[in-house]
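Asks: the amino acid sequence is not available; the structure is as follows:
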């Protein structure tokens, strides 16, 4: 990745290139059979809040303010601007 010049602003993808991927601690602990299948973009999004209980597994999006995935309604989102927004916030918090 080339360094941005005064006239060149990095795209969000370029800015996020060196950021380590986010891994949900809740999903990481769950048995693979309980995780989303097919996979969803929410699994790697720092804006997502995953939780599990006797009623199954759910994901709440802190950007869109809604349940984006649940065991009962497995919506397989494949792309979302919220993921970019949440990762850019991670960069900002890290002072990058």
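Replies: Perfect, thanks for sending it. Fair warning: this is a prediction, and the values are worked out from it, not measured in the lab. Numbering: from 1, shown residues only.
Asks: show me the shaky parts of this structure.
Replies: 1-7, 10, 12-13, 15, 96 (pLDDT under 70).
Asks: show me the helices in it, by range?
Replies: 12-16, 25-29, 81-93 (DSSP state H).
Asks: residue 70 is nearest to which of the ones you listed?
Replies: helix 25-29 (13.4 Å; C-beta to C-beta). For every residue, glycine as well, the C-beta is placed using N, CA and C.
Asks: how far off centre is the closest one?
Replies: Taking C-alpha atoms, centre = their mean, to the nearest Å, one finds helix 25-29 lying 13 Å from the centre of the chain it belongs to.
Asks: distance-wise, check residue 62 relative to residue 89.
Replies: 10 Å (C-beta to C-beta, to the nearest Å).
Asks: before we move on, what about residue 57?
Replies: 24 Å.
Asks: higher neighbour count, these two?
Replies: The neighbour comparison of residue 57 against residue 89 (other C-beta atoms under 10 Å) goes to residue 57, with 19 against 13.
Asks: any idea what that one is bridged to?
Replies: Beta-bridge pairing of residue 57 under DSSP bridges involves residue 52.
Asks: what's the closest non-adjacent residue to residue 58?
Replies: Spatial nearest neighbour of residue 58, chain neighbours left out: residue 70 (4.3 Å); criterion: C-beta to C-beta, 6 or more residues apart in numbering.
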